[in-house]
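1. I'd like to go over a predicted model; first the sequence, then the structure.
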Amino acid sequence: MKKSKVEFNKNEDAMKLALGQLEHRLEKIYLGGGEKRIEKHHSKGKMTARERIDALVDEGSHYFEIGAFAGYEMYEEHGGCPAGGCVVVLGKVCGKLCIIVANDATVKAGAWFPITGKKNLRAQEIAMENRIPIIYLVDSAGVYLPMQDEIFPDKEHFGRIFRNNARMSSMGITQISAIMGSCVAGGAYLPIMSDEALIVDKTGSIFLAGPALVKAAIGEVVDKETLGGAETHSSISGVTDYNVPDDETCLKTIRELVDKIGESQKAGFNRIDSVDPELDAEQILGLFPEDRTKPYDTLAILKALVDKDSLTLYKEDYGKTIHCAYARIDGWAVGIVVNNREVVKTKNGEMQFGGVIYSDSADKATRFIMNCNQKKIPLVFLHDVSGFMVGTKSEHGGIIKDGAKMVNAVSNSTVPKFSVVMGNSYGAGNYAMCGKAYDPRLIVAWPSAKIAVMGGTQAAKVLTQIQMASLKSKGQESDPIAEKEYFDKIKSRYDHQTTPYYAASRLWVDAIINPLKTREFISIGIEMANHGIIEKFNPGILQT
């Protein structure tokens, strides 16, 4: 499918505009609590969370940030919570891939909002799934008390953090904590349940109850340093293992500790020397349509993503609304499942809509997923799916059964799965293509992504029909103006909720990325997953 130069340029301009908006929003998020609070932080001799991470990771190395948009446009009545009040990255320290979690004390003194807890649990989940070290840079006032009921008592709340500390310890996953600011109440358990704990003199403090609470509880008057400062916990209590004079020395010491960690057994995914793609990655910006209803050449997108001459299509002439292919990305062997957005013609002359999963496509994808598990090949899912085909013919043909097989295969797959939401990811199509509920090791979205049970227009039509039918049953006449207002209201709400920013703010995706960074994202993801253990694939009740 060839695109006109005008259409290509229009698509490219639209994507570049979206990327500009992405960068502008990230620049604001990177300021955390704002420039004044950063200056106040510096005046105490402390580095910011992002400065600490930059000093900790290997110089010149790339790291992947997880959850930068966590909390975006949430908690506005509480003053907001940029990046969920903490920074999480996947990066290399002394050549070893680690998860780093740094509280941002410029945001409400690093207090934990509900999304902060969810983000920290996501970081721990990544460490556990992939068996990589996790480093905590602690600087937090503890639970954000006005919202304690949404962060403290439930299974996936604050207490789960310490449960995970214990679980990782039993799994042999290295945990290193640095107390670089406040560490109070229940939060004090996190660094002390780690393998080793450092504390920065004069700025770091750790105690179950601060001076004010101690006075209120037992009448004792004590200052912060005496109660839980670096000298107290390094020389008297023995709670911490290293007393360091400043942030810089603390981070240098962490690097020295990580440098001496022994190598773990690798999963053994296949990798050879990387080769550049056949098409320049920049082509993606013009190939991917601004109008999400338009078809496009999906294979051209693949040729701009995978290593040149590595693409092998599986069952090329069957189930054409999904492409399944073996390929290499940055030298790593991968199995790719991608929705084909072209309108295709079957051998019996029927037309199939692009981006819709039919029975034959689901059957092909199911078998391909099983093959990748058999051969220990990581899976990459590229979403642009409207859902499964509906209607009498599809229902009689067993679309539910065939869709269930695909969902079963995705659910039971034990090789690492990585999801990239390029465009639409609607309804059960999101599930079958390894949405967040199906445990992708990492999941990201392009700025063009839309995630929801259905598109805004479709949802508005359905709900408007229901509303008008309800009014009619009550004997009320349909008012065209009121009907349009109701439709527009529903569509506007749905359109807002389908954006990648809405998804990223709630951690339905780990990040919103520039499409040109897709290869880099997948490569670091597989390198991360190569540290994990792969269980034998058991398809359960799957019948093919």
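-> Perfect, I can see it now.

2. which ones are touching the nearest residue to residue 195 once chain neighbours are set aside?
-> Spatially, and ignoring its direct neighbours in sequence, residue 195 is nearest to residue 175 (5.2 Å; Cβ to Cβ, 6 or more residues apart in numbering). For glycine as for every other residue, the C-beta is placed from the backbone atoms N, C-alpha and C. Counting by Cβ atoms under 8 Å, 6 or more residues apart in numbering, residue 175 touches 133, 134, 135, 136, 165, 168, 169, 193, 194, 195.

3. now with 6 Å?
-> Going by Cβ atoms under 6 Å, 6 or more residues apart in numbering, residue 175 touches 134, 168, 194, 195.

4. for the third one, helix, strand, or coil?
-> This means residue 194. The three-state label given to residue 194 by DSSP: H, G, I helix; E, B strand; the rest coil is coil.

5. contacting residues for it?
-> 175, 177.

6. gap between it and residue 177?
-> 4 Å (Cβ to Cβ, to the nearest Å).

7. cool, and the second one?
-> Here the distance between residue 168 and residue 177 works out to 12 Å (Cβ to Cβ).

8. And for the first one?
-> As defined by Cβ to Cβ, residue 134 lies at a distance of 9 Å from residue 177.

9. neighbour-wise, which of these two wins?
-> residue 177 (27 against 23; other Cβ atoms under 10 Å).

10. List phi and psi for the nearest residue to that one once chain neighbours are set aside.
-> Nearest in space to residue 177, with sequence neighbours left out and distances taken as Cβ to Cβ, 6+ apart, is residue 191 at 3.4 Å. In terms of degrees, to the nearest 10, the main-chain angles of residue 191 are phi -70, psi -30.

11. how many other residues sit next to residue 191?
-> 26.

12. you'd agree it is up against residue 180?
-> No - Residue 191 lies out of contact with residue 180 (Cβ atoms under 6 Å); the separation is 10.1 Å.

13. that older thread, next one: the residue nearest to residue 195 from residue 132, what distance?
-> Taking Cβ to Cβ, one finds residue 175 at 11 Å from residue 132.

14. rewinding a little: and the contacts of residue 175, which is closest to residue 523?
-> Relative to residue 523, the closest of the contacts of residue 175 is residue 134; by Cβ to Cβ it sits at 20.9 Å.

15. Contact partners for the closest residue to that closest one other than its chain neighbours?
-> Excluding its sequence neighbours, the residue lying closest to residue 134 (Cβ to Cβ, 6+ apart) is residue 127, at 4.1 Å. When contacts are counted by Cβ under 6 Å, 6+ apart, residue 127 touches 99, 134, 173.

16. Strands - which of those land there?
-> 99, 134 (DSSP state E).

17. nearest to residue 454, of the contacts of residue 127?
-> For those, with residue 454 as the reference and Cβ to Cβ as the criterion, the closest is residue 99, at 34.8 Å.

18. Please list all residues in contact with that closest one.
-> By Cβ under 6 Å, 6+ apart, the neighbours of residue 99 are 90, 123, 126, 127, 134.

19. same thing but 8 Å
-> 88, 89, 90, 123, 124, 126, 127, 132, 133, 134, 135.

20. Can you tell me who it pairs with across the strands?
-> According to DSSP bridges, the residues that bridge with residue 99 are residue 90, residue 134.

21. how far away is it from residue 200?
-> Using Cβ to Cβ, we find residue 99 at a distance of 21 Å from residue 200.

22. Likewise for residue 81?
-> Counting by Cβ to Cβ, the gap from residue 81 to residue 200 is 25 Å.

23. Also residue 474?
-> 68 Å.

24. More neighbours: those two, which one.
-> Using other Cβ under 10 Å, the more surrounded residue of residue 474 and residue 200 is residue 200, with 26 against 7.

25. Just confirm that one contacts residue 177, I think it does.
-> No - counting by Cβ atoms under 8 Å, residue 200 does not reach residue 177; the two are 11.8 Å apart.

26. so which strand or helix has residue 29?
-> helix 5-30 (DSSP states H and E).

27. List the buried residues of that helix.
-> Within helix 5-30, the residues that count as buried by 16 or more other Cβ atoms under 10 Å are 7, 8, 10, 11, 12, 14, 15, 18, 19, 22, 25, 29.

28. which helices and strands does it pack with?
-> helix 283-287 (3 or more Cβ pairs under 8 Å, 6 or more residues apart in numbering; DSSP states H and E).

29. quick one: contacts of the helix or strand following the helix it packs on?
-> Sequence order places helix 298-303 as the next helix or strand after helix 283-287, per DSSP H and E. Contact with helix 298-303 is made by 1, 277-279, 283-284, 287-288, 311, 323, 325, 327, 336, 338-342, 382, 384, 422, as judged by Cβ under 8 Å, 6+ apart.

30. can you check stretch 360-367 too?
-> 314-315, 318-322, 324, 337, 357, 388, 399, 402-403, 405-406, 408-409, 432, 542, 544.

31. For ChimeraX, what selects the buried ones among these?
-> Selecting only the buried entries of these in ChimeraX, with 16+ other Cβ under 10 Å as the criterion:
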select :314,315,319,320,321,322,324,337,357,388,399,402,403,405,406,408,409,432,542
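
32. what are the ranges of the strands in the stretch 101-250 of the chain?
-> For the stretch 101-250 of the chain, applying DSSP state E, counting those that start in this stretch gives strands covering 134-140, 175-184, 196-200, 205-207, 242-244.

33. May I see the ones you listed arranged in a markdown table, with distance to residue 48 as well?
-> Converted to a markdown table, those look like this (distance: least, Cβ to Cβ, whole Å):
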| stretch | distance to residue 48 |
| --- | --- |
| strand 134-140 | 9 |
| strand 175-184 | 11 |
| strand 196-200 | 14 |
| strand 205-207 | 18 |
| strand 242-244 | 18 |
